[in-house]
Every structure is written in C-alpha cells, then in structure tokens.
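Colleague: need the 3D shape of this:
(2 chains, ligands or ions: 2)
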Amino acid sequence: MIELDNLAYSYGGGELLSDISLRLTPGSFHFLTGPSGAGKTTFLKLCYGALIPTAGQAVLFGQDVREMTRDDVATIRRRIGVVHQDCQFLDHLTVAENIALPLMVSGHDVEAEQQNLGELIAWCGLTHRAGALPPELSGGERQRAALARAVIMSPEVILADEPTGNVDWEMSQRLLALLVELNRMGKTVMIATHDLGLIRAAKSRVQARVLRIAKRRLQLAGADL
Amino acid sequence: MNKRLSPRALAAISPLALLKGEPQADRVVPPTGFTARLTLFAAAAMTFLAVFALALSLATGRMAANWSQELARSSTLRISAPADQIAAQTEAALQVLATTRGVARARALTAEEQQGLLEPWFGPDLPVDSLPIPQLVEIVEDGEGYDAAGLRLRLQAEVPGAVLDDHARWRRPLVRAAERIRALGLLSLLLIGGVMAAMITLAANSALAANAQVIAVLRLVGARDEFIARAFVRRFTFRAFWGAALGMALGLAALLALPQAQAEGGFLTGLGLRGWHWIWPFVLPPVAAAVSFAATRAAARRMLGNLA
Ligand SMILES: Nc1ncnc2c1ncn2[C@@H]1O[C@H](COP(=O)(O)OP(=O)(O)OP(=O)(O)O)[C@@H](O)[C@H]1O
Ligand SMILES: [Mg+2]
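Modeller: Numbering: from 1, shown residues only, chains lettered A, B, ... in the order given. Ligands and ions are numbered 1, 2, ... in the order given. Got it, this is the predicted structure:
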C-alpha cells in the first residue's frame, strides 16, 4: 500500500533522509522513532503525499506521488488516516463536526452517519466534549479527537505522529489501546514517537516492528530497546 | 414518460440551489464579517449605479429612436410669397410634391392649425389672417424617403417662394448625441460590472488569505480544491446576489421617486423606465451573482493552484 524505494528528501539544504526503502504491508504495526529533528514528521509526510521525494520513488496505493494531481493526493488522504503532531482542527467548528470533517469534504451524507459518528466519539471517550470547540479541549482530548478524525473514513492505513505527545502515561496507554484495537481490525498502523516506554508497553500487546531514523537512514531496530 | 425529476435533482440544476447554498458544507469556512460587509456593500452600491446607467441607456435609446422616427416621417415646406400669390404657389407646390417619389402625403396646414402652432409663442388672440405668415405644407415620407436636393431644385424652378425644411440640420446631431449618451451608458454598465468584479476579487483574495489555515486543514483531511473553492464561491455569490438585490431595490425606489415625464417628454423627466423595460433592473442581481461567481472562482483557483 505504501512503497518507498531508495527515497531521499531535502528541504533545500543537505539531505535530511537518504536511501530509504520500505514496504508497508496490510495489517502491520510499526513504530517510527529517532531523536527530535531526525525527520520523523518529514518521513510521514512523504508517506501521505504531502511532500514529494527529492530522489527515489514513493508509491501510494499503486500511484507514484510524482505523477499524482492535487485531486489524486486529496483522494489518497481518504484512504490514509493521519493524526498530525499539532492536531490541526477548524477552531470554529465543534469537536463532533471536526471529527466528521473528512466525511463532509468527501461528499458523504453526514446526517446518515450520525450513529457511527456517535459511536466513534464514545469509543474515544469524548461524548461529553462533543459540542465543545477545539481550543477548549485538553491536550489529551485533542489527541483523541485527532485520532477519531483520522479513522472516521475507515482508512486502510493510520499514520500517527506523536499521538501521545502531550498526555500523561495513563492517557497514552488509552490512546495506544485504541490504535492496537484498530490494528486488530486489520488496519495498518505506523506511530512516530520518541517515547520508548510506549514502545515497550506496546510490545506485549501487538507484534510491532520498530523503525529508527539515525544518520539520515531508516533502520530496523533490534530487540535491544 | 413524464417521470418527475426528484427534488434532489431539481435542486441541483436550479440556479437558486447555489444561492441557498449547502449550509453544512459552507460552515467549513468561518464567517468573516469584514469581507462579507465589503462584498454586500460593493454589490449594493454598484447595482444602485447600474440601475441609473441602465435607465439612462434605455431612455436615450428610446429618445433617439423616437426622434429619428418621428422627424424622418415629417418635414415641412414653408411658402413665403405676397398675399395674392400664396394660394397659387401652394397649389403648385402640392403638384410638385404629388409627383415626387418618396413623398407619401402632402397637406397644406389650415389657418387654425397654423394658429395653434403659433399660440404658445404669441397667445390665442393673434389675428393670423392679418399677418403675412408663410403657408406651411406638411410632408409625410414613405419608407424610402425622398431626395431632398432634387426636390429643392424642382421647387426652386416652379415655386420660388418655397423653402424645404427637412429638419435634418438639427435632427442629426441630436440623434447622434442621444446615441452617444446611450453608448456611454452601456460603457458605464460594463465599467460598473468590472469594478464590482475587482472589488469582489479583492474581498475573496483577502478571505482566502485570512483562511489559509482552514484551507490547509481541509486539504489534510482530503478535501479537493473544488470543494474548498465551492465553499468560498457559494458564499460570495450569495452575498453579491443579496447585495445587488438591495441596491436594485434602492435604485428602483429612486427612479420611481423621479417626477413623471410630461407629454412632450423632456430629457431629464424622461429618465424613468417604460413598459417592459422595467424587467431590466431585475436582471442585475443575477448578473451580479454571476460576476461574483466568476471572480471568486478565478481567485480561489489561482490561490489553490499556487499551493504546494
Ligand atoms: N518546512 C520545512 N522547511 C525547512 N526545514 C524543515 C521544514 N520542516 C522541518 N524542517 C527541518 O527538518 C528537520 C526534521 O524535521 P521533522 O519535523 O521531520 O523532525 P521530527 O523527527 O518529526 O522531530 P520531532 O520529534 O521534534 O517532531 C528539522 O531539522 C526541521 O527543522
Ligand atoms: Mg515531528
């Protein structure tokens, strides 16, 4: 579904990422780790077509990103749910409306999906905050709302960038549990994090591979975490 | 055979569907008071002006048509001669006219008619009979008209006291002026439309720039450019339509408040609309909406096209 082949990326200076090859298989569960500024967010952006590799190839659902139009990229984003590091909501819409936004922009009848929406919001524990505006949410609530928005279209792949960035341990465990459950439902999951504790906690619940960005390369980390 | 269209299909093809908007999808763009007011104001003011440019064009067009029609259909022969020769010369002139191609009818005015023409200037008590007033002969042309120069030559030979006044001397510049004014009115309409498009483009650009963050989020969750552009375009089209409707209503009210045209139809008092011409102002709001639609769409496309 997502295939990267000898990919490199540079924001204009030297190369940030080089020689990266990866093939995400359906149903897999990956962690992506590395020091701050290593390029985790950049890597995920390459995976959902927000950035175009400066060298090599990125193929998303059989399409080379270089040949995709803006509309193709928009369509791909309906199949790849993304939890952004900084969440990115529309602050004038309620939490429920923000979560339903992918449905609305892709022309689904939001009214007809009210029940699904309600269930998803309950599943993320946001029922009592559904009518609030995003700026009124706590950090953990924002991240759960971002996760709910990422999965509302029932995407095949979920890319989560620091989904536990600013939440306490207990909340990060709940978010992890949500992602593990999605993986059990057959979704491909990739979580970027530098929280090694989270990775260790996950290992007991799911068969996860750990990728590490170091010295511009993507490496498969061993069991030595 | 006469299967009814579903309400949904009807809604989709109706131009009003765009004006009603889709409240749900429209909400993705936060309401911006400033650009909303600017668009409303621009559309209202421009339509108000457009109503007058329109009325001016229609009125002068009407006037030019009337003048050239009425005046081309009648010209006058003035016969000045000593009192004892007038009758004979008039007879001779009528003979000449009867055999002139292009003249449909010719008729000597009666003394009462001549007095009626002079009355506004000299009052009703003027003793026309005792004054050496020239005899007037009214000439009505047929569709093709006559050759004025040829007629003059024949009259010179046979009716020395006759002067042909074919009104052309003063009619032509007036008709030309009226036509020029109408052209200026139409040009004003175009300029008004252009200025409105420019103002709405500026307002739309400012709204798009102010909502860069919203656009980025919409892109992230999979919105196509078309969806994003539509959300903006619908709003601006909607506002321009209602602004224009307001401007039109005010413009029409102002036109109605003008003093009614007199029978002789002076220029200033004839500025109002007549008959089916009243339809034209109602065309303005849809046109304003269309202009706004095109301007906002172009602005949105340009802006979205420039995004990475
Ligand atoms: N738009 C940009 N233009 C130029 N440089 C950028 C841009 N975005 C990121 N960078 C740089 O690229 C590098 C990698 O950034 P990135 O956000 O991918 O790191 P990260 O691994 O996600 O870090 P963190 O763990 O702090 O989120 C950083 O040095 C950053 O400053
Ligand atoms: Mg990052």
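
Colleague: can you give me the mean pLDDT across stretch B:102-120?
Modeller: The average pLDDT for stretch B:102-120 rounds to 82.

Colleague: how close does B:Ile181 get to chain A?
Modeller: According to Cβ to the nearest Cβ, to the nearest Å, B:Ile181 and chain A sit 50 Å apart. The way it works is simple: take the backbone N, C-alpha and C, and place the C-beta from them, glycine included.

Colleague: okay, residue 225: pLDDT?
Modeller: No chain was given, so I picked chain A. At A:Leu225, pLDDT is 54.

Colleague: sorry, should have said chain B
Modeller: pLDDT, B:Asp225: 87.

Colleague: likewise A:Ala146?
Modeller: The score at A:Ala146 is 92. That number is its pLDDT.

Colleague: show me the helices in chain B, by range?
Modeller: B:7-13, B:15-20, B:23-26, B:33-73, B:86-98, B:111-122, B:148-158, B:168-210, B:212-220, B:225-256, B:279-306 (DSSP state H).

Colleague: no, scratch that, I was asking about chain A
Modeller: Under DSSP H, chain A gives helices at A:40-47, A:70-76, A:95-99, A:101-105, A:114-123, A:139-151, A:169-184, A:196-203.

Colleague: looks like B:Ile181 contacts B:Thr60 (just checking).
Modeller: Yes - under the criterion of Cβ atoms under 8 Å, B:Ile181 makes contact with B:Thr60 at 4.4 Å.

Colleague: rewinding a little: return the most buried member of the helices of chain B.
Modeller: Per residue and on average, the most neighbours among the helices of chain B fall to helix B:225-256, with a mean of 21 (mean count of other Cβ atoms under 10 Å in any protein chain shown).

Colleague: name the helices or strands packed onto it?
Modeller: Under the contact criterion of 3 or more Cβ pairs under 8 Å, 6 or more residues apart in numbering or on different chains; DSSP states H and E, helix B:225-256 touches helix A:70-76, helix B:15-20, helix B:23-26, helix B:33-73, helix B:168-210, helix B:212-220, helix B:279-306.

Colleague: which bits of chain A sit near chain B?
Modeller: For chain A, the residues in contact with chain B (Cβ under 8 Å from any Cβ of the partner chain) are A:50, A:70-71, A:74-78, A:82, A:84, A:88-93, A:97, A:101-102, A:104-107, A:110, A:149, A:153.

Colleague: pop the domain breakdown of chain A in here.
Modeller: When chain A is parsed with automatic domain parsing, its domains come out as A:1-79+A:155-225, A:88-154.

Colleague: want to throw those domains into TSV with distance to B:Ala300 and mean neighbour count?
Modeller: Putting these into TSV (distance: least, Cβ to Cβ, whole Å; neighbours: other Cβ atoms under 10 Å in any protein chain shown) gives the following:
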stretch	distance to B:Ala300	mean neighbour count
domain A:1-79+A:155-225	13	17
domain A:88-154	15	19
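
Colleague: one step back: near ligand 2, which of the residues of chain A next to chain B show up?
Modeller: Among the residues of chain A next to chain B, no residue lies close to ligand 2 (Cβ under 5 Å from the ion).

Colleague: quick one, which of the helices of chain A gets closest to B:Arg274.
Modeller: helix A:101-105 (50.3 Å; Cβ to Cβ).

Colleague: one step back: among the helices of chain B, single out whichever gets nearest to A:Leu16.
Modeller: Among the helices of chain B, helix B:212-220 sits nearest to A:Leu16 (Cβ to Cβ), with 21.0 Å.

Colleague: quick check, distance from that closest one to the centre of its chain.
Modeller: 46 Å (Cα atoms, centre = their mean, to the nearest Å).

Colleague: near ligand 1, anything from that helix?
Modeller: No - using Cβ under 6 Å from any ligand atom, helix B:212-220 never reaches ligand 1; the gap is at least 12.6 Å.

Colleague: residues in contact with that helix?
Modeller: A:50, A:74, A:77, A:82, A:84, A:88-90, A:101, A:105, B:28-30, B:208, B:227-228, B:304, B:307 (Cβ atoms under 8 Å, 6 or more residues apart in numbering or on different chains).

Colleague: centroid-nearest residue for the chain?
Modeller: With no chain named, the answer covers chain A. Geometric centre of chain A, nearest residue: A:Leu159, 2.1 Å, by Cα atoms, centre = their mean.

Colleague: I was thinking of chain B, sorry if that wasn't clear
Modeller: Short answer for chain B (Cα atoms, centre = their mean): B:Leu58, at 2.2 Å.

Colleague: the nearest residue to that one once chain neighbours are set aside and ligand 2, how far apart?
Modeller: Distances taken as Cβ to Cβ, 6 or more residues apart in numbering or on different chains place B:His277 nearest to B:Leu58, at 5.0 Å, with adjacent residues excluded. Applying Cβ to the ion, to the nearest Å, the value for B:His277 to ligand 2 is 66 Å.

Colleague: many thanks, we can stop here.
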